[in-house]
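Next input, structure requested:
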Amino acid sequence: MIKNTVLDTARAVAFLSRIPLPPWLFAGYDGKLGRLVRVFPLAGLVIGALPALVFLFMLVFHADRLMAAFVALAVQTILTGALHEDGLADTADGIGGGKSREQSLIIMKDSRIGSYGAIALILSFALRASALAAVAREAPPLAAALAIPAVAALSRGAITWHWQRLPPAKSDGLAASAGSPAEPAMQIALVSAGFATAMLVWPALGLQPLVAALLGAGISTLAFTWFIRRRLGGHTGDTLGATQQICELAAFCALAMAL
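Sure thing, here's the model as predicted:
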C-alpha cells in the first residue's frame, strides 16, 4: 500500500507540475486520474518543498521579505509550468469577457490572454506575495516557510472538491475525458489536505492561523464552485486551476490576517 501511494504521488506530481520524473514510475500505469486524485495534497507537499526552501534560505540571510516571497512564488510557478496560473487567467477572461455560458467557454479555450486574465494574474501574485511577506514579518523564518507546502497541499485538495462536485462543462478537454473523481477519493484528499496543513501550521504558527487558513480555503472553494456552477454549469480544466489559485490566495491572506 505504501509503495502504491508513493508511486501515485509521483504520478500526481508529474500531472500537476513540470518536475522531471523517471519513466519507470509510469510502468503499468493506465493514465487514469481517478486514483491519483486522493494523493493530490501529497503532491502539493512535494511541489511546495523547493519554494519553501528558497524562501527559508532568503529569510535566513535577511533578504527583503516581499522580495523573498516573490522569488518563492516564481520558483513554484516554474515547477508547475504556470499550470494553475494559466487556468486562472483563462477563467478570468472567459467569465469577464463572455456574455453567455457558450461564449465564456469559447473564450476560455483561446490560448491568448486578455485584460481580465492579465489583471487576475497580477492581483494573484501581488496578493499572495504580500500575504506571505506579512506571515514572514510575524513568524520565524522556518515557520513562515512551512506555510508554503501547507497551503500547496490544501489548495490541491480544493481542486478535488471542485472537480468532484461539478460535472464537466463541455464534452471535450482533459476534465471531460478524465471524468469526475469518485466520492471516496475526494474525501481522502480533503482529509489528507487538512491533516498535512494542521501538522505544518499548528506547531509553527498556532491554532488560530490554522483555523483561519482552513476557513479561508474552504469558504473560497465553496463560493467559487457555487459561482462556476451558476455561470458555466460545470468544471473545466481551467476552473480546476483557478480553484487552486483562489484557494491558495485565500489561505495565505487568512494566515497573514490571523497572526
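
From here on, just use CA atoms for contacts and neighbour counts.
OK.

If you average the pLDDT over the helix or strand residue 244 falls within, what comes out?
Here residue 244 sits within helix 237-258, counting by DSSP states H and E. The average pLDDT for helix 237-258 rounds to 97.

Could you look up the next helix or strand downstream of the helix or strand of the chain with the lowest mean pLDDT?
Least confident helix or strand, the chain: helix 174-178 with a mean of 61, by mean pLDDT, DSSP states H and E. Toward the C-terminus, helix 174-178 is succeeded by helix 183-205 as the next helix or strand (DSSP H and E).

which parts of the helix holding residue 244 are buried?
For helix 237-258, the neighbour count (16 or more other CA atoms under 10 Å) marks 237-256, 258 as buried.

now the angle between helix 183-205 and it, please.
Computed by axes from the mean of the first three to the mean of the last three CA atoms, to 10 degrees, the angle separating helix 237-258 from helix 183-205 equals 30 degrees.

Which strands or helices does helix 237-258 pack on?
Applying 3 or more CA pairs under 8 Å, 6 or more residues apart in numbering; DSSP states H and E, we find helix 237-258 packed against helix 83-97, helix 115-138, helix 141-165, helix 207-231.

and residue 9, which of those is closest to it?
helix 141-165 (12.0 Å; CA to CA).

residues in contact with residue 207?
residue 201 (CA atoms under 8 Å, 6 or more residues apart in numbering).

Distance check, it against residue 199.
11 Å (CA to CA, to the nearest Å).

And residue 165, by the same measure?
27 Å.

Return the alpha-carbon coordinates of stretch 182-201 using PDB.
The C-alpha trace of stretch 182-201 is given here as PDB (Å, rounded to 0.1, in the frame of the first residue of the first chain):
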ATOM      1  CA  ALA A 182     -15.100   9.300  -7.000                       C
ATOM      2  CA  GLU A 183     -16.500  10.500  -3.700                       C
ATOM      3  CA  PRO A 184     -14.200   8.300  -1.600                       C
ATOM      4  CA  ALA A 185     -11.100   9.600  -3.400                       C
ATOM      5  CA  MET A 186     -12.300  13.200  -2.900                       C
ATOM      6  CA  GLN A 187     -12.800  12.600   0.800                       C
ATOM      7  CA  ILE A 188      -9.400  11.000   1.200                       C
ATOM      8  CA  ALA A 189      -7.900  14.000  -0.500                       C
ATOM      9  CA  LEU A 190      -9.700  16.500   1.700                       C
ATOM     10  CA  VAL A 191      -8.800  14.700   4.900                       C
ATOM     11  CA  SER A 192      -5.100  14.400   4.000                       C
ATOM     12  CA  ALA A 193      -5.000  18.000   2.900                       C
ATOM     13  CA  GLY A 194      -6.400  19.100   6.300                       C
ATOM     14  CA  PHE A 195      -4.100  16.800   8.200                       C
ATOM     15  CA  ALA A 196      -1.000  17.900   6.300                       C
ATOM     16  CA  THR A 197      -1.900  21.600   6.800                       C
ATOM     17  CA  ALA A 198      -2.500  21.000  10.500                       C
ATOM     18  CA  MET A 199       0.800  19.200  11.000                       C
ATOM     19  CA  LEU A 200       2.700  22.100   9.400                       C
ATOM     20  CA  VAL A 201       0.800  25.200  10.500                       C
END
